[in-house]
Structures are given as structure tokens and as C-alpha cells.
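Q: Got a predicted model here, sequence first, then my questions.
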Amino acid sequence: MKFRLTNLAILVAVSIPMGRVAFGAEGSSLPVRGLYLMAPKPEEVPLTIRFIREALPKESVNLLVMEFDYRYQYTSHPEVVDTDALSQADVKALVAACREAGVRLIPLINQLGHQSWAEQTFGLLRAHPDFDETPGKYPKNKDIYCRSFCPLHPTLHKVVFDLLDELADACEADAVHVGMDEVFILADPDCPRCKSRNRAELFAQEVRTLHDHLAGMHREMWMWGDRLLDGSVTGVGEWEGSENGTALAINLVPRDIVICDWHYDSVPATAAYFAVQGFRVLYAPWRNTQVALGELDVVRSIRAHAEQTIAPRMLGVLQTNWAGTGDFIKAYNGDTAAPKESAEAAYTFKALFNTIRAAQ
């Protein structure tokens, strides 16, 4: 199966300056060949280090986005630390492995949304329940997807900035991924600060706040792109796009943010849209191999044929995995007992990167 862009918008030249491109030469192999993993459990660190050192160079991976959230032993705010948190020594060992493998490590802490999962509320809102956008509502997180923090709480960002800086320092990172995906609770009618606020403006304000802090620390900001897409206009729906009014925030945020455009079941032309809007962008597949190869095909087509204003903004791909890192690595190594989702993601990863290497 092949996916081709026919949208002439990819040929539009936009006069917005490029931010720095951290990988490779424009027009040659993909500048960014990335993998996204959750932070391993402490007992999985040795397995993960071997995987980074041995498998990632073999596969030609040059970027690892690793989601830590509150699973790091923060000293600035130890009250937010969740279970299975990695020590500084664990993280430094992962950093050293990435350096040896020629892999750029970008840590991720989810901002705004994804502050809970099922009945578990994560460290930030557990320790600081006043930061919750909906404090006292949804006992045991019943009837919601994930909690959000209130972006207008007056003392929130002091804590958030401390965590971002401490984790980035530990990872020796020149960029941080701030998540910002699947935000369904925003401008809640019962929030005394956010109620009646325009959701696009509120979302954009939080993006700018995070961006400006990271820029002040000489770090690049990465984020998922779904809340900047109109789910109805694009046809991607309320998960891969927004149907709660945040999409217009795309007009209000800095263009030097790197967008990770995740789509798992189809290949919409949204990465081209982000590029035309002036952003550097990566497609992010998961466990559908044909979709992953289709996204790669689109990236290569635009890099080869679009105007040179647009083409370099298509940075590459970020293969995702939404199960445990240990299970993903075991599946990659051929363990047939690995869970189905891990096996499918590992198979897609191998097929995608085999295709990438074949063209280099």
C-alpha cells in the first residue's frame, strides 16, 4: 500500500525562518529517525542500555524521545515522584549509552493533560491537588479520560519549570518534549480561573509559556500536534485532532516548536499542513506497518519535490510504542511471549527502519 500527497498546499512557499535543524544534511537521508519509549522500570535499565547501544545504531536511529513524567527521583520536588522512578545514576547511564550510540535523547514530561490514567492520579496533582483544573470532581477519575492541570494557577509554573529543568539537566538535553496531546479538560466551567476562557487562546497561552521558559534555558520545545488540528475539517476526529476548540491555537504559537504529528490508522496530509504553517514536523506512527510506511513515503515525497522553503521542514519519523519498554525490547529481540501491542510496534519499527536504511 502506498500513500501519496496530491494536496498542492505542500508546494506553497512560506516566508518563516527555520529554527535549528539538529540532524543531518537537508535533502539527503532523513534528518530525524526517531523512536519513542517510556522510561524503563529500574530493573529494565540494563536491558534498555544494551538496546540503545546495540540495536539503535544498527537500525540507524538517531533520536530517542523518552517519557519520564514523574518517574524520576526529582530532588527539587520529591513530593511528585511516582513509583518505579529512576535514579540520577540510572538516567546518567541511559545518557551515556545514547552518547555512545550517536543518539540524541529528548526527555518528555506531559504538560496540561495526561495527569492521570484510569484510577491513578499522577504525582503532580496527587501532591498538589489545588493545581487540578477540576478539583473535587470525578472521584477516582470516573467518567474522564485524563486529568488536566489548571494553566492559570498562580504557583503552578514554578513547580513545572523546576521539574522540566531538573530532568533536562539530568538528561543533558538540548530539547524537551512537553506532550500537550489529548487535552479534553480545559476551561472547565467550574474552574474559577479558566471558566469562560477561549480554549484556543488558553491552550496557546500555555504553549507559549512553556516555550518561552525552555527558550530562556536555550532548549528547543517539542510537542504532539493533535490539539492544533481541526478534527472535523481534517477528518481525523477528536483524538488525532481537536473538536473542543483548541485548533485555532495554531495561529498563536511560535514556529520554532517541533511538531510530532501522530496518526496510527491512516495517513492524513496533516504533516504537510504543519510544514506549510511554518513548523518543523515529524510523522509518528505506532503499530500499523502500512501506515508507518505510508507516512515515510509522504515525508520523502515532500522532501524530494516540494519547494525548498517547505521541504526541509519535513524532518522525518518518530516511531512510537505505548506499552512497557521492557516488553517492546523483548519483542524486538524475538520473544514470542511479548504482548501483542508490543510485538506489533516492534514489527512496525523494524519494517519502517529497514525501509529507511535501504534508501540511504
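A: Everything's here; your move.

Q: need the helices for the stretch 101-250 of the chain, in chain order.
A: 123-127, 156-170, 199-216, 231-234, 237-240 (DSSP state H, counting those that start in this stretch).

Q: Is it possible to get TSV of those that adds mean pLDDT and mean neighbour count?
A: (C-beta placed from N, C-alpha, C; glycine too.) Formatted as TSV, the helices of the stretch 101-250 of the chain follow (pLDDT from 0 to 100; neighbours: other C-beta atoms under 10 Å):
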stretch	mean pLDDT	mean neighbour count
helix 123-127	98	21
helix 156-170	98	18
helix 199-216	98	19
helix 231-234	96	15
helix 237-240	96	16
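
Q: mind checking which of the ones you listed is nearest residue 346?
A: helix 237-240 (22.4 Å; C-beta to C-beta).

Q: on contacts alone, who are the packing partners of the closest one?
A: helix 231-234 (3 or more C-beta pairs under 8 Å, 6 or more residues apart in numbering; DSSP states H and E).

Q: Could you rerun that using 10 Å?
A: When contacts are defined as 3 or more C-beta pairs under 10 Å, 6 or more residues apart in numbering; DSSP states H and E, helix 237-240 sits against helix 231-234, strand 258-262.

Q: ok so, going back, and the helices of the stretch 101-250 of the chain: which comes nearest residue 60?
A: Closest among the helices of the stretch 101-250 of the chain, using C-beta to C-beta: helix 156-170, at 25.5 Å.

Q: Might you calculate how far that closest one sits from the centre of the chain?
A: Mean-position distance between helix 156-170 and its chain equals 17 Å (C-alpha atoms, centre = their mean, to the nearest Å).

Q: same question, stretch 249-268
A: 10 Å.

Q: what does stretch 42-56 give?
A: 21 Å.

Q: Over to stretch 179-188?
A: On C-alpha atoms, centre = their mean, the centre of stretch 179-188 falls 15 Å from the chain's centre.

Q: Please render the helices and strands packed on helix 237-240 as TSV that adds distance to residue 326 to the earlier fields.
A: What follows is those, written out as TSV (distance: least, C-beta to C-beta, whole Å):
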stretch	distance to residue 326
helix 231-234	34
strand 258-262	22
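
Q: Of the ones you listed, which is nearest residue 70?
A: Using C-beta to C-beta, the helices and strands packed on helix 237-240 put strand 258-262 closest to residue 70, at 20.9 Å.

Q: And the average pLDDT for that closest one is what?
A: Averaging pLDDT along strand 258-262 yields 98.

Q: how much space is there between the residue of the chain most remote from its centre and residue 150?
A: Relative to the centre of the chain, and counting by C-alpha atoms, centre = their mean, the farthest-placed residue is residue 192 at 29.9 Å. To residue 150, residue 192 is 9 Å away according to C-beta to C-beta, to the nearest Å.

Q: quick one: the strands in the stretch 51-200 of the chain?
A: 63-67, 104-111, 116-117, 120-121, 175-179 (DSSP state E, counting those that start in this stretch).
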